[in-house]
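A.B. asks: Generate a structure from the sequence data that follows.
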Amino acid sequence: MREIQVRYKQTILGVVWALVQPLLTTGIFAVLLGLLMGKGNEPGIKGVPYVVSTFCAMLPGNCSQTHSARPVQAWFRTSG
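C.D. replies: You can find the predicted model right below:
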């Protein structure tokens, strides 16, 4: 029973982290660029809030980073 609890607890933490990490990164980018460039001067698409465009721009990078790391980790696990 304890193994099942630990397994699902780790799964829930993984899902939460997958949702929280991009949001935190977007928030940091928005705050830092807002401070450095001044509110309203951030780069982006006209009519789209900077936070939304930053989040959408970072999604492909986060996905590709995650998917490219998995084969490397698997290779190191099997190589010994």
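
A.B. asks: Buried residues in the longest helix seen in the chain, which are they?
C.D. replies: Counting by DSSP state H, the longest helix found in the chain is helix 2-37. Neighbour-count burial for helix 2-37, with 16 or more other CB atoms under 10 Å as criterion, is recorded at 22, 26, 29-30, 33. Quick note: C-beta positions are derived from backbone N, CA and C, even for glycine.

A.B. asks: tell me which strands and helices it is in contact with?
C.D. replies: helix 50-79 (3 or more CB pairs under 8 Å, 6 or more residues apart in numbering; DSSP states H and E).

A.B. asks: In terms of secondary structure, what does the helix it packs on contact?
C.D. replies: By 3+ CB pairs under 8 Å, 6+ apart, helix 50-79 packs against helix 2-37.

A.B. asks: The helix it packs on to helix 50-79, inter-axis angle?
C.D. replies: 140 degrees (axes from the mean of the first three to the mean of the last three CA atoms, to 10 degrees).

A.B. asks: Could I get the average pLDDT for helix 2-37?
C.D. replies: Averaged across helix 2-37, pLDDT comes to 77.

A.B. asks: How far off centre is that helix?
C.D. replies: 7 Å (CA atoms, centre = their mean, to the nearest Å).

A.B. asks: For the nearest residue to residue 62 once chain neighbours are set aside, list the residues it contacts.
C.D. replies: Distances taken as CB to CB, 6 or more residues apart in numbering put residue 22 closest to residue 62, at 5.6 Å, once the chain neighbours are dropped. Applying CB atoms under 8 Å, 6 or more residues apart in numbering to residue 22 gives the contacts 55, 58-59, 62.

A.B. asks: what's the spacing between residue 63 and residue 21?
C.D. replies: 12 Å (CB to CB, to the nearest Å).
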